[in-house]
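A.B. asks: What would the 3D arrangement of this be:
(chains A and B)
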Protein chains: 2
Amino acid sequence: MNKKAIGVFDSGVGGLTVAKEIMAQLPDERIIYFGDTARVPYGSKSEETVTRYTRQIIRFLMTKDVKAFVVACNTMSALSLSTVEKDLTLPIIGVVEPGAFVAGNATKNKKVGVIGTESTIRSGLYTRCLKRIDPEIEVIGKSCPLFCPLVEEGLIDDPVTEEMARRYLFGLMRQDIDTLIMGCTHYPLLKKTLAEIVGEKVTLVNPAYETARELRHLLKRLHLENEAAPAHYKPAHDFYVSDSAERFSEFAAKLLHIEGLSAQIVNIEDY
Amino acid sequence: MNKKAIGVFDSGVGGLTVAKEIMAQLPDERIIYFGDTARVPYGSKSEETVTRYTRQIIRFLMTKDVKAFVVACNTMSALSLSTVEKDLTLPIIGVVEPGAFVAGNATKNKKVGVIGTESTIRSGLYTRCLKRIDPEIEVIGKSCPLFCPLVEEGLIDDPVTEEMARRYLFGLMRQDIDTLIMGCTHYPLLKKTLAEIVGEKVTLVNPAYETARELRHLLKRLHLENEAAPAHYKPAHDFYVSDSAERFSEFAAKLLHIEGLSAQIVNIEDY
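C.D. replies: Predicted structure coming up:
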């Protein structure tokens, strides 16, 4: 069991920021990644559709015989995790709870901002998680639908992205937040721009880091760690997508520093 | 046969601009519209995936017993129409050929610009169609991936959209085009901004208008027109989507001036 891989999945490339964090914190664990590049983005889809897609992805990863799942996507974590985990015997974690946990502990004035996709913000899951930590925390959510397309267009450090960020964050800043959760796996790529706008007094929370940390604890608790790995073991990760494998592979190879990374195509609707 | 409906389909709401034009030019024809709101956008998907999705949509519309199909989406028209029409006995038309036809006749200096999604531009179909009309026409294509998200965010008349339009059109304007094809059904909604940037000397072509005209000719030629319609007949159009029916219905009701319009949900993956 312990030599089996971790199934990590997202609607596209965004979850690779979570995979990268897992590779850094759990270097002996093998990852099987799935990105739903055919049906991306999930951020404006309904709960019903996102849950159907999440189930298909889990069924696909089951065929790869994984030992645990990481939902490396805020939208799927917010809309579908609590539903799909009911049918699962294998452990599964998302990015929302770990992200909320750090933010809840970081805030001093108890005013936390959350930015994410329309569906993530509408779900209110970050708010519920933060209120569970401390009912007095005030949570201000704001959806930023243009951030993902701007990142995918490569406008990472650009006046247009800055202008949109200023508009999106204006209301949050006026409400005097001291902590801001980057509630979409694309957003950490905009960290520099976001940090400049919110200033030094606001802590930016990247749930990817905390998710990898929680995964480590989970594997330890369930005795699922790959402890038998020899020294300097380099696990061979596998990557699957539902469309445009070449473009994905290029992006992933660069982000993860894995030469020759080559993703395979899966017809996810068959699962 | 003549009383049957026309199947009109798109990846989402964009094709409604084509449906509207058909309603205006062929007021006696009933429309059954399908928008793939669960898997939108199609603009960066591969030919294989777009063709698989197009086939599913055609199979669904077949169950509604239509007499003809209009592919009201530039990406599907450019990537998949020539493949799917081979298996069909019913007539089918797309938006690319009609759009190219008008542009080919409008240009005087034989320099035509085309803007569209990544997949549409990459397909090169507008170029091939224009070269067929006149091999001397020079076609300059430019994909504008942010236009759709900007329209869907409602930034129709906004400095950010203007800035992006200026960047996208800069190269085309330097090459002295006198005709510009709005090669995505969302783009006519940005007509005012685009017209301001390209100026009076450039003719803006909206393929939707010409597609409705070609449909009228096609139905006439095949004796498929609904001629038996009584005076002041108002056909009852039907609308289907794969997700978020409420949001779609709201948008469509406003655009088409149809009160109480209510789209139904279809699980398109079942077809």
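A.B. asks: When you work out contacts or count neighbours from here on, use the C-alpha atoms and nothing else.
C.D. replies: Noted.
A.B. asks: Quick check: residues of chain A near chain B?
C.D. replies: A:37-41, A:45-46, A:49, A:145-146, A:149-150, A:153, A:160, A:163-164, A:243-244, A:269 (CA under 8 Å from any CA of the partner chain).
A.B. asks: Tell me which of those residues fall in helices.
C.D. replies: A:Thr49, A:Pro149, A:Leu150, A:Val160, A:Glu163, A:Met164 (DSSP state H).
A.B. asks: if you average pLDDT over stretch A:204-223, what comes out?
C.D. replies: For stretch A:204-223, the mean per-residue pLDDT is 96.
A.B. asks: So what touches it?
C.D. replies: Outside stretch A:204-223, the residues that touch it by CA atoms under 8 Å, 6 or more residues apart in numbering or on different chains are A:2, A:17-18, A:21-22, A:25-26, A:70, A:72, A:93-96, A:98-100, A:102-103, A:179-183, A:185, A:188, A:195, A:225.
A.B. asks: Drop the exposed ones from those and show what's left.
C.D. replies: A:2, A:17-18, A:21-22, A:26, A:70, A:72, A:93-96, A:98-100, A:102-103, A:179-183, A:185, A:188, A:225 (16 or more other CA atoms under 10 Å in any protein chain shown).
A.B. asks: quick one: which of the residues you listed sit in strands?
C.D. replies: Among the buried ones among the contacts of stretch A:204-223, the ones falling in strands (DSSP state E) are A:Val70, A:Ile93, A:Gly94, A:Thr179, A:Leu180, A:Ile181, A:Met182, A:Gly183.
A.B. asks: will you turn these into JSON lines that also has pLDDT?
C.D. replies: Below are these laid out as JSON lines (pLDDT from 0 to 100):
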{"residue": "A:Val70", "pLDDT": "98"}
{"residue": "A:Ile93", "pLDDT": "98"}
{"residue": "A:Gly94", "pLDDT": "98"}
{"residue": "A:Thr179", "pLDDT": "98"}
{"residue": "A:Leu180", "pLDDT": "98"}
{"residue": "A:Ile181", "pLDDT": "98"}
{"residue": "A:Met182", "pLDDT": "98"}
{"residue": "A:Gly183", "pLDDT": "97"}
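A.B. asks: Without its sequence neighbours, what residue ends up closest to A:Ser77?
C.D. replies: A:Gly94 (5.1 Å; CA to CA, 6 or more residues apart in numbering or on different chains).
A.B. asks: Distance of the one you found relative to A:Glu214?
C.D. replies: 10 Å (CA to CA, to the nearest Å).
A.B. asks: Can you name the residue of chain A nearest chain B?
C.D. replies: Nearest residue of chain A to chain B (CA to the nearest CA) works out as A:Arg39 at 5.0 Å.
A.B. asks: so who does that residue touch?
C.D. replies: Contacts for A:Arg39 (CA under 8 Å, 6+ apart) come out as A:Ser11, A:Ser242, B:Ala38, B:Arg39, B:Val40.
A.B. asks: now do A:Ser46
C.D. replies: A:Ser46 sits in contact with A:Ser119, B:Asp243, B:Ser244, where contact means CA under 8 Å, 6+ apart.
A.B. asks: Could I get the full set of strands for chain A?
C.D. replies: Using DSSP E, strands in chain A cover A:6-10, A:31-35, A:68-71, A:92-94, A:111-116, A:138-143, A:179-183, A:203-205, A:238-241, A:264-265.
A.B. asks: Mind checking those strands for the one nearest to B:Leu256?
C.D. replies: Nearest of these to B:Leu256, taken as CA to CA: strand A:138-143 at 28.2 Å.
A.B. asks: and the closest one, which strands flank it?
C.D. replies: When pairing is defined by DSSP bridges, strand A:138-143 lines up against strand A:111-116 (parallel).
A.B. asks: and the angle for the strand it pairs with with strand A:179-183?
C.D. replies: Computed with axes from the mean of the first three to the mean of the last three CA atoms, to 10 degrees, the direction of strand A:111-116 lies at 20 degrees from that of strand A:179-183.
A.B. asks: avg pLDDT for strand A:111-116?
C.D. replies: Per-residue pLDDT over strand A:111-116 has a mean of 98.
A.B. asks: Give me the residues contacting that strand.
C.D. replies: A:74, A:103-104, A:121, A:126, A:137-145, A:172, A:175-184.
A.B. asks: what's the answer for stretch A:85-98, then?
C.D. replies: A:67-74, A:77-78, A:81, A:125-126, A:129, A:183, A:207-208, A:210-211, A:214-215.
A.B. asks: Report the buried members of the residues of chain A next to chain B.
C.D. replies: A:37-41, A:45-46, A:49, A:145-146, A:149-150, A:160, A:164, A:243-244.
A.B. asks: Mind picking the two most distant members of these?
C.D. replies: A:Thr49 and A:Val160 (31.6 Å).
A.B. asks: Run through the stretch 1-150 of chain A and note the low-pLDDT ranges.
C.D. replies: Scanning the stretch 1-150 of chain A for pLDDT under 70 picks out nothing.
A.B. asks: Can you show me the helices along the stretch 151-271 of chain A?
C.D. replies: A:159-174, A:191-198, A:207-221, A:245-256 (DSSP state H, counting those that start in this stretch).
A.B. asks: which of those helices sits most buried?
C.D. replies: Of those, the one with the most neighbours on average (mean count of other CA atoms under 10 Å in any protein chain shown) is helix A:207-221, at a mean of 20.
A.B. asks: quick one, it and strand A:179-183 angle?
C.D. replies: 80 degrees.
A.B. asks: With just CA atoms, put helix A:207-221 into CSV.
C.D. replies: Provided in CSV are the C-alpha atoms of helix A:207-221 (Å, rounded to 0.1, in the frame of the first residue of the first chain):
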residue,chain,number,x,y,z
PRO,A,207,-3.3,27.1,0.6
ALA,A,208,-1.0,24.9,-1.5
TYR,A,209,1.8,25.0,1.2
GLU,A,210,-0.5,24.0,4.0
THR,A,211,-2.2,21.3,2.0
ALA,A,212,1.1,19.5,1.4
ARG,A,213,1.8,19.8,5.2
GLU,A,214,-1.6,18.3,6.0
LEU,A,215,-1.0,15.5,3.5
ARG,A,216,2.2,14.7,5.3
HIS,A,217,0.4,14.5,8.6
LEU,A,218,-2.4,12.4,7.1
LEU,A,219,-0.1,9.8,5.6
LYS,A,220,1.8,9.6,8.9
ARG,A,221,-1.3,9.1,10.9
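A.B. asks: starting at the chain centroid, how far to that helix?
C.D. replies: Here helix A:207-221 is found 13 Å from its chain centre; the criterion is CA atoms, centre = their mean, to the nearest Å.
A.B. asks: tell me the angle of it relative to strand A:6-10?
C.D. replies: 160 degrees.
A.B. asks: which one is A:Ala245 nearest to, not counting chain neighbours?
C.D. replies: Nearest non-adjacent residue to A:Ala245 (CA to CA, 6+ apart): A:Ala263, at 5.5 Å.
A.B. asks: again with A:Asn109
C.D. replies: A:Asn109 sits nearest to A:Asp178 (CA to CA, 6+ apart), 6.7 Å away.
A.B. asks: Wait, the one you found touches A:Leu172, no?
C.D. replies: No. Here A:Asp178 lies out of contact with A:Leu172, judged by CA atoms under 8 Å, at a distance of 9.7 Å.
A.B. asks: Just give the number of residues close to A:Lys234.
C.D. replies: Neighbour count for A:Lys234, taken as other CA atoms under 10 Å in any protein chain shown: 12.
A.B. asks: Need phi/psi at it.
C.D. replies: The phi/psi pair for A:Lys234 (degrees, to the nearest 10) reads phi -120, psi 100.
A.B. asks: so how far is B:Leu204 from the nearest residue to it once chain neighbours are set aside?
C.D. replies: The shortest distance from A:Lys234 to any non-neighbouring residue, by CA to CA, 6+ apart, is to A:Asp28 (6.9 Å). According to CA to CA, A:Asp28 stands 58 Å off from B:Leu204.
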